[in-house]
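Undergrad: Dropping the sequence and predicted coords here.
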Amino acid sequence: MTYLGQFSLWAAFLVGLWGGALAFFGRWQERPALARAITRSSYALCAALLVASIALWKGIFGHDFNIEYVAGYTSRNLPTYYLISAFWAGQKGSLLFWAVVLSIFGALAQALTSTRFKAMLPYVAGIANIVTIFFVAVMLFADTANPFERLAFTPPDGRGLNPQLQNPGMIIHPPMLYLGYISLTIPFAFAMAALLAKQLDAGWIIAMRKWALTSWLFLSIGITIGMWWAYVELGWGGVWAWDPVENASLLPWLTLTAFLHSVMIQEKRGMLKRWNMALIVGTFLLTIFGTFITRSGVIASVHSFTQSAVGYFFLAFLLVSGILSFTLLYTRWPLLEPESQLESMVSREGAFLYNNLALIGIAFSVLWGTLFPILSEAVRGTKITVGPPFFNRVNIPLGLFLLFLTGVGPLIAWRKASLANLRRQFVLPVSGGLLTAGALVAAGLRNGWALIALGLAGFVFVTVLQEFWRGIRARKAMHGESFVIGLVNLVSRNRRRYGGYIVHVAMLLYFVAFTGLAFPAKTTVDLQPGQSAELRSPFGHTYTFTHMGVSQYTALNRRVSAATLEVAKDGVRVGTIKSEKRQHVDSFGQPTFEPSTEVGIRSNLQEDVYVVYAGSPDGTERASYSLLINPLVAWFWIGGGLLTFGGLLTMWPGGPQMKTARRRAAPQSGYAVSMAGAAE
Amino acid sequence: MSAQFAELLAALMVGLALFWLVAQPLLFPGVEAPELVELPDPEETPRGQALLALKEIEFDRATGKLSDEDFTEMHARYSQRAMALLDAVEPTPATHTPASDPVEALLVQHVRDGGGFCGSCGARRTGAGRFCGQCGAAVAA
């Protein structure tokens, strides 16, 4: 199927180029047929890339090892579900994955966007096409980037998938992050389309709002699953290492989060139009920057694909798209005048501005730290890498300031707030925060940063509770609704606000979990079967670990040495934990990768017991272990679930505030849909 | 039929299908079907925005985020803007009559109503009574 795959790539390239050229130079504004042809080019591009993807999957599932990519990332004994993820496990496949997903999003943007934005849609198609065919062009023209490249010979078996990628999280984490990265092209395309069409009212924001939320949700889920993967797979007991590629995923998340807040000011007050445009352009450029970091090998990272010239394609694309976007923004600058002024800094708008400053501050510090090795090499000739101490020192205070604002923003009215009302709004949340911190001091916690973080978490939590409670009470007073009906109507009529509050609770759970993770208890031990070791957890429990022995067996594609520990908590047996050393082999039993380690974890809401089997001397059952007790880690994953729920709630269709009015209007005034153009 | 030939045939068919998909609107434009044009959601119109602003001010007052003085001042200001919008000529569908526009009706209601609320329980004030109909507390004139 490589001929069909190659042909489809070329067809996609030509169709995308045709659509892009028509969109920018085709004078389609005067010819509706041409505008329809541009939209069709998006569908054709998507169809061509779907055919190419099916061709690659056919090669993967058919074990066609004459295809270099299939031989490099799969083997006959690789489980079927990892054959699916092998599509995006390597550089070449991930380029095709990126292109096909972007083409699907581009086609969906054409199909799902309301016809009232039709003056923008051909531009949206043109921009989405151009970004897509850039990825196709990399596959077609860069050295060793074509997934359909064939070998001069056919090996009997493939190399298999990197053991670290043979984890269920790896089936979900990369596609989720890719979906977040890729879907960001659509809000960017709408922003550029609005600039090109000079339609700079709130229309483009309404058209792209759900796309931006979708991107944010995918990025958030992708980052969280990436944290989970790092925790269960890499064996160092943490979730975030400030690795350049982790940072690259965080950067667009930060700027997009800033955008999602500041865009509300534009929607409500007609302010910050230039800032929002700059944020969405910056966010898109950061996704390309992230791709450049991952694929160029300019910065060492556990995530990087092998160093290749592909990275420089991305650098060139980053520069060209940055220059063109900001030039276009500059030419439309006078059309982006604010419609009103900030009435008071003590207002919801003011809180959002501070929130934007904090988020952009964090983004700059992360970008600076990530680029520092390149900058230091350019200036001083030596590559200096800044590690977690730098990132933590800068970002912990900024992050806590952000957490503080998460609690402050909802308490202040739009436009302006008086001192008396602020006092009334803040009494309960501040008391909640102080009580939390006080209780922790009484329990023996003395770390200042942890007290601030957990105190602020208490403050934010009470803020959200108060918002729900006062909203329900206001509905009861205004409409006479019961508690349950009031809650349902409160949320369903303003899903963005109350879905957002649920996301705020999710974020505070992340802060709580990060705070807990700063206080691990750890030790390394060397045990004979039957010997025990003890470790006291930060919550004061004493864990006893008894080494049961080491068993060896062969599984589907690996040889396994599994070491088992019996665990007792405060003298009561709680179960066993198994950690493994794995040597992956091909179907002929030959080792394929370096040995890898599988961590053993027992988790509850309070703390995780985390065991890493480091190995045994040959022929003995003596085992070396790293033992860790990590407090509060489970709250990351609970926060992730809550974040997904809150994010989906904000995006759920329907529920505008004037739904009833609109429905009533339909029969008489023809709101919703009316016929036009029939006279032509 | 060899696999290679079948693949070439498939490629040819894909190519023709793609060509048809893209070129059909240009080669055979035909008679254009009347296009369905969606009107903006009410809350996206200037009048809808004005109504939302007033409702938001009222909700902020009801949840205790706005003081009585701030509420009175802001409500008057935003009502004035809303009245200006109501007076302005706005392009509307041919079938539109002022009485049939629910956004306009709601806007008028919110402007006229003044949005008074009881300072004690937060219930909406109705009429010009000196006591709240919900909790009986005296209300400012």
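TA: Yep, it's here.

Undergrad: Residue 11 - nearest residue in space that isn't next to it in sequence?
TA: Going with chain A. Distance criterion CB to CB, 6 or more residues apart in numbering or on different chains; nearest residue to residue A:11, sequence neighbours excluded, is residue A:48 at 4.5 Å. All C-beta spots, glycine's among them, are computed from the backbone N, C-alpha and C.

Undergrad: was after chain B, sorry
TA: residue A:7 (4.1 Å).

Undergrad: if we can go back for a sec, run through the residues that contact the residue nearest to residue A:11.
TA: A:8, A:9, A:11, A:12, A:15, A:103, B:14, B:18 (CB atoms under 8 Å, 6 or more residues apart in numbering or on different chains).

Undergrad: Confirm that residue A:138 lies within a helix, as I assumed.
TA: Yes - per DSSP: H, G, I helix; E, B strand; the rest coil, residue A:138 lies within a helix segment.

Undergrad: check contacts around residue B:64.
TA: Contacts of residue B:64 (CB under 8 Å, 6+ apart): A:421, A:424, A:425, A:470, B:122.

Undergrad: any idea how far the second one lies from chain B?
TA: Taking CB to the nearest CB, to the nearest Å as the measure, residue A:424 falls 6 Å from chain B.

Undergrad: Enumerate the residues of the stretch 301-450 of chain A near chain B.
TA: Contact residues, the stretch 301-450 of chain A versus chain B (CB under 8 Å from any CB of the partner chain): A:411, A:412, A:413, A:414, A:415, A:416, A:417, A:418, A:420, A:421, A:424, A:425.

Undergrad: and the second one, how far is that from residue A:496?
TA: Read it as residue A:412. Look at residue A:412 and residue A:496: by CB to CB, to the nearest Å, they are 17 Å apart.

Undergrad: So if I had to pick from these two, which one is more boxed in?
TA: Shown here are residue A:412 and residue A:496; by other CB atoms under 10 Å in any protein chain shown, residue A:412 has more neighbours (23 against 18).

Undergrad: quick one, phi/psi of the more buried one?
TA: Main-chain torsions, residue A:412, degrees, to the nearest 10: phi -100, psi 140.

Undergrad: list the contacts for the nearest residue to it once chain neighbours are set aside?
TA: Leaving aside its sequence neighbours, residue A:412 sits nearest to residue A:348 (CB to CB, 6+ apart; 5.1 Å). Remark: with contacts taken as CB under 8 Å, 6+ apart, residue A:348 is in contact with A:409, A:412, A:413, A:414, A:415.

Undergrad: tally of neighbours for residue 76?
TA: All of this refers to chain A. Around residue A:76 there are 14 other residues, counting by other CB under 10 Å.

Undergrad: The intended chain is chain B.
TA: 11.

Undergrad: Now it. Its backbone dihedrals?
TA: phi -60, psi -40.

Undergrad: Show me chain A divided up by domain.
TA: A:1-166, A:521-635 (automatic domain parsing).

Undergrad: Would you tell me which one of those is buried the most?
TA: Comparing these by mean neighbour count (mean count of other CB atoms under 10 Å in any protein chain shown), domain A:1-166 ranks first with a mean of 21.

Undergrad: And that one, end to end?
TA: Criterion CA to CA, to the nearest Å; first-to-last residue distance in domain A:1-166 is 26 Å.

Undergrad: now that domain: mean pLDDT?
TA: Domain A:1-166 comes out with an average pLDDT of 91.

Undergrad: now do stretch A:355-363
TA: On average, the pLDDT along stretch A:355-363 is 95.

Undergrad: How is residue A:580 assigned, secondary-structure-wise?
TA: strand.

Undergrad: how far away is the residue nearest to it when sequence neighbours are not counted from residue A:613?
TA: Among residues not flanking residue A:580 along the chain, residue A:598 sits closest, at 4.0 Å (CB to CB, 6+ apart). Computed as CB to CB, the residue A:598 to residue A:613 distance reads 8 Å.

Undergrad: and what of residue B:62?
TA: Relative to residue A:613, residue B:62 is positioned 60 Å away (CB to CB).

Undergrad: Correct me if wrong: residue A:83 contacts residue A:58.
TA: No - using CB atoms under 8 Å as the test, residue A:83 is too far from residue A:58 to be in contact (11.4 Å).

Undergrad: Kindly tell me how buried residue A:458 is, as a neighbour count.
TA: Residues lying near residue A:458 (other CB under 10 Å) number 24.

Undergrad: contacting residues for it?
TA: A:432, A:433, A:435, A:436, A:437.

Undergrad: Kindly recompute the last result at 6 Å.
TA: A:432, A:433, A:436 (CB atoms under 6 Å, 6 or more residues apart in numbering or on different chains).

Undergrad: Need the three-state assignment for the closest residue to it other than its chain neighbours.
TA: Among residues not flanking residue A:458 along the chain, residue A:436 sits closest, at 2.9 Å (CB to CB, 6+ apart). Three-state assignment for residue A:436 (three-state DSSP): helix.

Undergrad: and residue A:436, how many neighbours?
TA: Neighbour tally, residue A:436, other CB under 10 Å: 19.

Undergrad: ok, now how distant is it from residue A:444?
TA: The gap separating residue A:436 from residue A:444 is 15 Å, by CB to CB.

Undergrad: Test my guess that residue A:513 contacts residue A:637.
TA: No - in this structure, residue A:513 is not within contact of residue A:637 by CB atoms under 6 Å, at 8.6 Å.

Undergrad: Show me which of those two is the more surrounded one.
TA: Neighbours were counted for residue A:513 and for residue A:637 using other CB under 10 Å; residue A:513 has more, 22 against 17.

Undergrad: Pull up the gap between the more buried one and chain B, please.
TA: Between residue A:513 and chain B the distance is 31 Å, computed by CB to the nearest CB.

Undergrad: And for residue A:178?
TA: With CB to the nearest CB as the criterion, residue A:178 and chain B are 25 Å apart.

Undergrad: How about residue A:14?
TA: Plainly put, residue A:14 is 9 Å away from chain B if you go by CB to the nearest CB.

Undergrad: Export only the CA atoms of the host helix or strand of that residue, formatted as CSV.
TA: If you go by DSSP states H and E, residue A:14 is part of helix A:2-25. The C-alpha coordinates for helix A:2-25 follow below in CSV (Å, rounded to 0.1, in the frame of the first residue of the first chain):
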residue,chain,number,x,y,z
THR,A,2,3.0,2.3,-0.1
TYR,A,3,2.2,3.4,-3.7
LEU,A,4,-1.3,4.4,-2.6
GLY,A,5,0.1,6.1,0.5
GLN,A,6,2.7,8.1,-1.5
PHE,A,7,0.1,9.0,-4.1
SER,A,8,-2.3,10.2,-1.4
LEU,A,9,0.4,12.4,0.1
TRP,A,10,1.1,14.0,-3.2
ALA,A,11,-2.6,14.4,-3.9
ALA,A,12,-3.1,16.0,-0.5
PHE,A,13,-0.2,18.4,-1.1
LEU,A,14,-1.6,19.5,-4.4
VAL,A,15,-5.2,19.8,-3.3
GLY,A,16,-4.2,21.7,-0.1
LEU,A,17,-2.0,24.0,-2.2
TRP,A,18,-4.8,24.6,-4.6
GLY,A,19,-7.2,25.5,-1.8
GLY,A,20,-4.7,27.7,-0.1
ALA,A,21,-3.9,29.6,-3.3
LEU,A,22,-7.5,30.1,-4.1
ALA,A,23,-8.3,31.3,-0.6
PHE,A,24,-5.6,34.0,-0.6
PHE,A,25,-5.5,35.0,-4.3
